[in-house]
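A.B. asks: Following is a predicted model, sequence given first.
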Amino acid sequence: MATKSFKESLKAARKDAARKVLAQIAATVESCPDKSYRRIAEHFGCGTGLVCQAAKQAGLRRPSGSGSPAFKRPQK
């Protein structure tokens, strides 16, 4: 029985860690609209799918296409 409780606590710890990482990614997506999802993924060392998942779970949306803030050049 001891191994089952260990497995359950390990599973709970993984879920908690995943929630924290997704929250950090979502905060970065919200605070840096000029960064592309690819750049955010490179920063966190994950794939763009995880960045999209974090943004979707947080209810964040960005304009897509050429009007996206990530594709605009900084003004001088």
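C.D. replies: Nice, thanks for sending it over.
A.B. asks: from here on, contacts and neighbour counts on C-alpha atoms
C.D. replies: Fine.
A.B. asks: Run through the protein and note the low-pLDDT ranges.
C.D. replies: Low-confidence segments of the chain (pLDDT under 70): 1-4, 64-76.
A.B. asks: who are the neighbours of the strand or helix carrying residue 51, in terms of helices and strands?
C.D. replies: Element membership of residue 51 [criterion: DSSP states H and E] is helix 48-58. Packing partners of helix 48-58 (3 or more Cα pairs under 8 Å, 6 or more residues apart in numbering; DSSP states H and E): helix 2-31, helix 37-44.
A.B. asks: got the contact list for it?
C.D. replies: 22-23, 25-26, 29, 37-38, 40-41, 61 (Cα atoms under 8 Å, 6 or more residues apart in numbering).
A.B. asks: Pull out the buried residues from those residues.
C.D. replies: 22-23, 25-26, 29, 37, 40-41 (16 or more other Cα atoms under 10 Å).
A.B. asks: Distance to residue 6 for the residues you listed - can I get that in TSV?
C.D. replies: Output for these, formatted as TSV (distance: Cα to Cα, whole Å):
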residue	distance to residue 6
22	24
23	26
25	29
26	30
29	35
37	36
40	34
41	32
